[in-house]
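1. Return a 3D structure for these sequence lines:
(chains A and B)
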Protein chains: 2
Amino acid sequence: MDPRDRGLAYGDGVFETLRVTAAGQVPLWPLHRQRLQAGCAALGIPLELSRLEQALADQLSASAGQGGVLKLIVTRGVGGRGYLPPASPVPNWFWQHGALPVWADSLRREGLTLGLCSTPLYPEPLAGFKHLNRLPQVQARREVARQGWHEGLLLSAHRQPLEATAMNLFARIDGHWWTPDLAAAGAGVGGVMRQWLLQHLAGQVRCDLRPLSQLRTAEAVFLCNSVVGVLPVRKLAQWHWPVSESVRQLQQTVDTLF
Amino acid sequence: MDPRDRGLAYGDGVFETLRVTAAGQVPLWPLHRQRLQAGCAALGIPLELSRLEQALADQLSASAGQGGVLKLIVTRGVGGRGYLPPASPVPNWFWQHGALPVWADSLRREGLTLGLCSTPLYPEPLAGFKHLNRLPQVQARREVARQGWHEGLLLSAHRQPLEATAMNLFARIDGHWWTPDLAAAGAGVGGVMRQWLLQHLAGQVRCDLRPLSQLRTAEAVFLCNSVVGVLPVRKLAQWHWPVSESVRQLQQTVDTLF
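-> I've put the predicted structure just below:
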């Protein structure tokens, strides 16, 4: 790749991390595509979707039968004077195949330990999109590793739970599902699996911003993303949650996608 | 370069844009080095400064006599699982030579037109450092081009002037120099030329956060960075400022550095 690519220079691009089935399919591609298109539109990156989808098909057929993870980075390409993009950018894209992250079966069954990240996740104008400016997540993930947690919960500056470093948050509270309203917070990444769950549980998920203390009374808590599906949370600081049947069912439903 | 470099994947790195004199010197290198070191320390990127400075010397001697701009990108290097950096990262660095940006002599003399960017510059935990997460600046610079301004002024969410897209802001108000307190705002880039001016004008610059309306009564306004030095501002929206003798003198002083 060209080191003058604006993806390197400014994080001027977007990415998607795709779960690929053994049959060489990306079950959630329509939702990934939607977010990719919206992100490119927000940044003014002209995306030739038909060419990209052809390239995706080539990548999938080249690795058929393996399954795993396929990461796609789309950048604005090379050039421009300083921050100013070229008038007619020629986007670049990059593919990277990888194995599924290893989450021990016991964790998928019994749930993981979440920690409370010390630095808030601030609002940003490009919230929701999966752009390449990911230092807040990198820094938070470093803290997760230092503390020995499985994942880290990011709070708003008003100490409202928003998401984990690489997963979205759901909880079952007073008999209903809840997930943070990231649009209202103007922060976080609108995950594809979160989106799928909002559609799947149509009308059954309340979406707003709540204080951290709301989680204390939750009946169950889980994290999700499009690569690992649904992972129950069993512990955050001194709070413990059982893996409820409702979470187990969602996990199984999501696993059938893969 | 390796497309798995975390500089591309997450903007996981820092950069400096160095003005190089015809004699092959970087006059403000100690201040650039300081910011580079501080940024790498904040990100946990191990920087071998002696090796970097040797590489810089090689770059400068290879281009001796040309002068211009030398851009340096330092990334955390390749790898890690997702956002988690590798335990022992091996940083990469990239050099890029360029010509000085062309600012017509008339603009350097008579001042430029500044516009008011519509999107606020939000606080961020890594404010001050020149990291590679620069989408707010890219988006603001696109607006500057659309509007036909020379540069754009970024305000805080409380509508306090913070900086321009690629330059820091100074104004002369009530007979004293003033520049926005970026540390108090928790936003913006601590420019090397701003730093040099704060030292050069030791004790003569007030550094705090003020409402936009304060600029209306300014006697003079200028922008600065380490590549072009000092550029007077003659206009922002309906406000006009003369190019004062005080700005002219600072411009000349800074030009002697180059």
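2. Quick check: A:Trp177 touching A:Cys207?
-> No. Here A:Trp177 does not reach A:Cys207: they are 9.3 Å apart, not a contact under CB atoms under 8 Å. Where you see a C-beta, it was placed from the backbone N, CA and C, and this is true even at glycine.
3. And these two? Which one has more around it.
-> More crowded of A:Trp177 and A:Cys207, by other CB atoms under 10 Å in any protein chain shown: A:Trp177, with 19 against 14.
4. Now do the SS call for the more buried one.
-> Going by DSSP: H, G, I helix; E, B strand; the rest coil, the secondary structure assigned to A:Trp177 is strand.
5. For the closest residue to it other than its chain neighbours, give its distance to chain B.
-> Nearest residue to A:Trp177, sequence neighbours excluded (CB to CB, 6 or more residues apart in numbering or on different chains): A:Val205, at 4.4 Å. Remark: distance between A:Val205 and chain B (CB to the nearest CB, to the nearest Å) = 26 Å.
6. neighbours around A:Val205, how many?
-> Neighbours of A:Val205 under the rule other CB under 10 Å: 16.
7. Now the one residue in the stretch 1-150 of chain A that gets nearest to chain B: closest residue in space, sequence neighbours ignored.
-> Closest to chain B within the stretch 1-150 of chain A is A:Gly11: 3.2 Å, counting by CB to the nearest CB. Once flanking residues are discounted, A:Gly11 sits nearest to B:Gly11: 3.2 Å by CB to CB, 6+ apart.
8. May I have the residues that are in contact with that neighbour?
-> Residues in contact with B:Gly11, defined by CB atoms under 8 Å, 6 or more residues apart in numbering or on different chains, are A:Tyr10, A:Gly11, A:Leu132, A:Asn133, A:Arg134, A:Leu135, B:His131, B:Leu132, B:Asn133, B:Arg134.
9. if we take the residues you listed, which one ends up nearest to B:Leu72?
-> Of all the contacts of B:Gly11, B:Leu72 sits closest to B:Leu132, with 11.7 Å by CB to CB.
10. wait, isn't that closest one in contact with A:Ala9?
-> Yes. If you go by CB under 8 Å, B:Leu132 and A:Ala9 touch, sitting 7.1 Å apart.
11. if I look at the two, which residues touch both of them?
-> Here B:Leu132 and A:Ala9 have B:Phe15, B:Ile73 as joint contacts, going by CB under 8 Å, 6+ apart.
12. Hmm, A:Ile73 is touching B:Tyr10, no?
-> No. Checked against CB under 8 Å, the pair A:Ile73 and B:Tyr10 is beyond contact range at 10.2 Å.
13. what touches both of the two?
-> By CB under 8 Å, 6+ apart, the residues touching both A:Ile73 and B:Tyr10 are A:Leu132.
14. got the residues of the stretch 101-250 of chain A near chain B?
-> For the stretch 101-250 of chain A, the residues in contact with chain B (CB under 8 Å from any CB of the partner chain) are A:101, A:119-120, A:122-126, A:131-142, A:144-145, A:165-166.
15. Now do the same contact list for A:Gly186.
-> Shown in contact with A:Gly186 (CB under 8 Å, 6+ apart): A:Pro123, A:Glu124, A:Pro125, A:Ala127.
16. And the pLDDT at it?
-> pLDDT recorded at A:Gly186 is 97.
17. swap in A:Leu236?
-> 97.
18. Then A:Ile45?
-> We have a pLDDT of 98 for A:Ile45.
19. In this structure it contacts A:Pro86, no?
-> No. Using CB under 8 Å as the test, A:Ile45 is too far from A:Pro86 to be in contact (11.1 Å).
20. what residue lies at the spatial centre of chain A?
-> Centroid-nearest residue in chain A: A:Gly191, 4.2 Å away (criterion: CA atoms, centre = their mean).
21. taking the residues of the stretch 101-250 of chain A next to chain B one by one, which sit in helices?
-> Among those, the members falling in helices (DSSP state H) are A:Leu135, A:Pro136, A:Gln137, A:Val138, A:Gln139, A:Ala140, A:Arg141, A:Arg142, A:Val144, A:Ala145.
22. okay, those residues in CSV with neighbour count and pLDDT next?
-> Shown next, in CSV, are those (neighbours: other CB atoms under 10 Å in any protein chain shown; pLDDT from 0 to 100):
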residue, neighbour count, pLDDT
A:Leu135, 22, 98
A:Pro136, 24, 98
A:Gln137, 24, 98
A:Val138, 23, 98
A:Gln139, 21, 98
A:Ala140, 25, 98
A:Arg141, 24, 98
A:Arg142, 19, 98
A:Val144, 21, 98
A:Ala145, 14, 97
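23. tell me the phi and psi of the residue of chain A positioned farthest from its centre?
-> Largest separation from the mean C-alpha position in chain A: A:Arg81, at 31.8 Å (CA atoms, centre = their mean). Per-residue torsions, A:Arg81: phi -90, psi 110 (degrees, to the nearest 10).
24. again, but for A:Arg109
-> phi -80, psi -50.
25. Tell me the confidence at the residue nearest to the centre of chain A?
-> So A:Gly191 comes in at 97 (pLDDT).
26. quick one, what contacts it?
-> Applying CB under 8 Å, 6+ apart to A:Gly191 gives the contacts A:Glu163, A:Met167, A:Asn168, A:Cys224, A:Asn225, A:Ser226.
27. Now do A:Thr256: how many residues are near it, please.
-> A:Thr256 is flanked by 8 other residues according to other CB under 10 Å.
28. Repeat that for A:Ala157.
-> Using other CB under 10 Å, A:Ala157 is surrounded by 13 other residues.
29. What distance do you get for the closest residue to it other than its chain neighbours to A:Ala23?
-> Excluding its sequence neighbours, the residue lying closest to A:Ala157 (CB to CB, 6+ apart) is A:Pro120, at 4.5 Å. Using CB to CB, to the nearest Å, A:Pro120 is found at 42 Å from A:Ala23.
30. Neighbour count: these two, which is higher?
-> A direct count of neighbours by other CB under 10 Å for A:Pro120 and A:Ala23 places A:Pro120 higher, at 18 against 10.
31. gap between the more buried one and B:Gln54?
-> Distance, A:Pro120 to B:Gln54, using CB to CB: 40 Å.
32. which residues in chain A form helices?
-> Using DSSP H, helices in chain A cover A:6-10, A:29-43, A:49-62, A:105-110, A:135-147, A:182-185, A:192-200, A:245-257.
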